[in-house]
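[1] show me how the following folds:
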Amino acid sequence: MEFSDRNLKCVDCGNEFVFTAGEQLFFHEKQFTNDPKRCKVCKAKRATGSRVRPETRTTCSECGAETTVPFKPTQGRPVLCRSCFQKLSGG
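    Modelled structure (predicted):
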């Protein structure tokens, strides 16, 4: 099977990008049936941006220090700062 470079349009930014013959061969060998939808820049942004956690300011239930936690605290449950958490978990 012979492949040639093709221009595709990124679904995120709308810019055209080249789907090279080498990339097409790789997709064929891996039995991928769909063409890529995003350019390399948008694909990289999506990969790094997907792990963003909300930071919530709160007070440590153990020592009373002001801290931030990567979750929304639930009412009635203790929230610990990093050092108190590490002391409690033995780390």
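
[2] so Arg57 is in which element?
    Taking DSSP states H and E as the criterion, Arg57 maps to strand 56-59.

[3] report the buried residues of that strand.
    For strand 56-59, the buried set under the neighbour-count rule, 16 or more other C-beta atoms under 10 Å, comprises Thr58. No exception for glycine: its C-beta is placed from N, CA and C like everyone else's.

[4] same check, this time on stretch 6-13
    Cys10.

[5] and the contacts of that stretch?
    Judged by C-beta atoms under 8 Å, 6 or more residues apart in numbering, the contacts made with stretch 6-13 from elsewhere in the structure are 15-19, 24, 35-39, 41-42, 45-46.

[6] now whatever helix or strand comes next after the strand holding Arg57, how far from the chain's geometric center?
    Helices and strands here follow DSSP H and E; after strand 56-59, the next one along the chain is strand 66-69. Distance of strand 66-69 from the chain centroid (C-alpha atoms, centre = their mean, to the nearest Å) equals 23 Å.

[7] thinking again about what came up before, what helices or strands is the strand holding Arg57 leaning on?
    Helices and strands in packing contact with strand 56-59 are listed as strand 66-69; criterion 3 or more C-beta pairs under 8 Å, 6 or more residues apart in numbering; DSSP states H and E.
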